[in-house]
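[1] with the sequence up front, the predicted model follows.
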Amino acid sequence: MQPDDNDDDQQHQATTCTASKKPPTVRAPGNGRKARRKRRLQAKQRGDTGLLQAPFLHGNTQPGRLALVDKAWTIWMKQHHHHHKNSMVFVDVGMGNHPETTLEWKTAIEQWLLTTEQPQPQSNGTTHERTYLLVGTEIDEERLQHAKDFYTNINNSSCCANANHTTTKIPVVFEWSGTDFQLPAITDHYNVRTIRAMNVTRDYHIHDACTALHRWYSSTDSSRQQPQQPGPNHTMILEGSANDTGSIAVAIIMEQAANNTGNKGNNSTERIAIDGVVFGVDIESIVWADDASQHNNRTEGATILPGKSSPPQWFQRTLPRLWRHCFDDDGHEQCNQPWVHSMHQFLSKWQHVSSSSSSLDAKQLWLDSIHKLGVHYDLCLDGIHTGVLIWRNPVDLYVPTPAESLAGGKGCQREENVAVEQG
């Protein structure tokens, strides 16, 4: 089902260098492109005949790849979710070849709970203990077993470098997932609070990517929730892309209120409104390409960006699949569709206000452009000094139905064939 949150990214406009030339990726035996393709075909032969449209399973996990996304998630949750259900599950779709980013999200969830959790009084005067669960999913059985073994080892080791994961305020389980974009059955017994699917759909055809989003959305409707839990159930879906080091990330936020039967109802054939778009950058690591060529000794761990480029250009090659290939290198639309046009307007306005800044410092350019952009759009500025911007309540920005996506034009329908060669 998932290429996962650790896929082999196509050549990015923003890359991270540890030397003047990035060394080639070295994979362990059995993790090469042919081996991963064989495992995917075996999954299909077992009868998993769902949406196996991504070219290959990918997996280049490294710690911190989704740190910017975790920051954005925490900001959003603190602003919009102050009360909890008694039982909540968080689902990380497509862990990849190592569960580290899943466990890092676990830490972020626990920190959020510490700032918002309050005991719930019962009628008899006692308090009801809340139950939480984090589920990491993976289609590849070898990766799944590795995640289970790794988590068992760190919980059994008192001297492990990842010992912070052993204080399990939230238990973690790892579940195999099929190829039909459905959540594991274990989630049926919880209120699904967040589904995180980073770098999962980027290699899929746009039709299949939209199908995945609609299925995740509809799989958390009120019919699946525990009837004894009062009040509206909000499920947040966080879906998008991050580059291979996590220095650039873009994600969409979709929230479902189970009591809402309007545009954001539970019918999977309806459009899904997008509540926010996250733009994240490791702002402290940016080095302009021109400067990097003159100071090779200063580029270790740096995010190399084209000389004096503007913030919206930093994100163009890391846009979620919904807008991937929908803009050319100059930022012009290649798909004449409303959900593309709204994003194009936003990026064009950001480009315009960026061009009026006289700053040559990347961080100052980032901050200046955002403050100017805030005159025109509803922006969350809480995380901008740490590289996280959230565009809130975007107008006319939505996930099209799978049928609508097929009318998006050649650019929208293009598949990520480059990943096949590099995967």
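    Received, thanks.
[2] who's the closest residue to Pro171 other than its chain neighbours bridged to?
    Spatial nearest neighbour of Pro171, excluding adjacent residues (C-beta to C-beta, 6 or more residues apart in numbering): Leu133 at 5.8 Å. Bear in mind the C-beta positions are built from the backbone N, C-alpha and C, glycine included. Residues in a beta bridge with Leu133, per DSSP bridges, are Val89.
[3] you'd agree Leu133 is up against Val89?
    Yes - between Leu133 and Val89 there is a contact under C-beta atoms under 8 Å: 4.7 Å.
[4] which residues are in contact with each of those two?
    Common neighbours of Leu133 and Val89, using C-beta atoms under 8 Å, 6 or more residues apart in numbering, are 186, 190.
[5] who has more neighbours out of these two?
    Set side by side, Leu133 and Val89 show more neighbours around Val89, with 26 against 18, by other C-beta atoms under 10 Å.
[6] low-scoring stretches of the stretch 201-350 of the chain, by residue?
    Scanning the stretch 201-350 of the chain with the threshold set as pLDDT under 70 gives 220-234, 256-270, 290-301, 307-308.
[7] bridged to Leu389, which residues?
    Here Leu389 sits in beta bridges with Phe279, going by DSSP bridges.
[8] let me see the contact set for the residue nearest to Pro171.
    Counted by C-beta under 8 Å, 6+ apart, Leu133 has contacts 87-90, 170-173, 186, 190.
[9] which of those residues are buried? Put it as a ChimeraX command.
    The ChimeraX selection below is limited to those of the contacts of Leu133 classed as buried (16 or more other C-beta atoms under 10 Å):
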select :87,88,89,90,170,172,190
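[10] so which of the contacts of Leu133 sit within strands?
    Per DSSP state E, strands hold the following members of these: 87-90, 172-173.
[11] which two of the residues you listed have the greatest separation?
    The most widely separated members of those, counting by C-beta to C-beta, are Ser87 and Val172 (15.5 Å).
[12] in the stretch 101-250 of the chain, mark out all the helices, start to finish.
    Ranges of helices in the stretch 101-250 of the chain, per DSSP state H, counting those that start in this stretch, are 141-156, 206-218.
[13] looking at those, which one is packed in the most?
    Mean neighbours per residue, mean count of other C-beta atoms under 10 Å, is largest over the helices of the stretch 101-250 of the chain for helix 206-218, with a mean of 23.
[14] report all helices and strands that that helix contacts.
    Under the contact criterion of 3 or more C-beta pairs under 8 Å, 6 or more residues apart in numbering; DSSP states H and E, helix 206-218 touches strand 191-198, strand 234-242, strand 248-257, strand 272-273, strand 398-399, helix 402-405, helix 410-413.
[15] hang on, the earlier thing: nearest to Tyr377 among the ones in strands among the contacts of Leu133?
    Using C-beta to C-beta, Phe90 comes nearest to Tyr377 of those, at 28.9 Å.
[16] was I right about the closest one contacting Ile109?
    Yes - counting by C-beta under 8 Å, Phe90 does reach Ile109; the two are 5.8 Å apart.
[17] next, show the common contact partners of the two.
    With C-beta under 8 Å, 6+ apart as the test, Phe90 and Ile109 both reach 132, 134, 170.
[18] turn the residues you listed into JSON lines, including distance to Pro306 and pLDDT.
    Shown next, in JSON lines, are these (distance: C-beta to C-beta, whole Å; pLDDT from 0 to 100):
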{"residue": "Tyr132", "distance to Pro306": "43", "pLDDT": "89"}
{"residue": "Leu134", "distance to Pro306": "38", "pLDDT": "95"}
{"residue": "Ile170", "distance to Pro306": "41", "pLDDT": "89"}
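[19] just curious, which of these is nearest to Gln351?
    Of the shared contacts of Phe90 and Ile109, the one sitting nearest to Gln351 (C-beta to C-beta) turns out to be Leu134, at 38.4 Å.
[20] identify the residues contacting the closest one.
    Counted by C-beta under 8 Å, 6+ apart, Leu134 has contacts 89-92, 102, 105-106, 109, 170-173.
[21] looking at those residues, which is nearest Trp76?
    Using C-beta to C-beta, the contacts of Leu134 come closest to Trp76 at Ile109, 12.7 Å.
[22] for burial, what's the neighbour tally of that closest one?
    Ile109 is flanked by 22 other residues according to other C-beta under 10 Å.
[23] show me what contacts it?
    Counting by C-beta under 8 Å, 6+ apart, Ile109 has contacts 90, 132, 134, 170.
[24] any idea how far Ser358 lies from Phe150?
    Distance, Ser358 to Phe150, by C-beta to C-beta, to the nearest Å: 49 Å.
[25] which among the helices and strands packed on helix 206-218 is found nearest to Val375?
    strand 248-257 (22.1 Å).
[26] tell me the buried residues in the closest one?
    So strand 248-257, judged by 16+ other C-beta under 10 Å, has buried residues 248-256.
[27] each with direction, which strands does that strand pair with?
    strand 234-242 (antiparallel), strand 276-281 (antiparallel).
[28] how about the helices of the stretch 301-423 of the chain, start to end?
    Going by DSSP H, counting those that start in this stretch, the stretch 301-423 of the chain shows helices at 311-314, 338-355, 362-373, 402-405, 410-413, 417-422.
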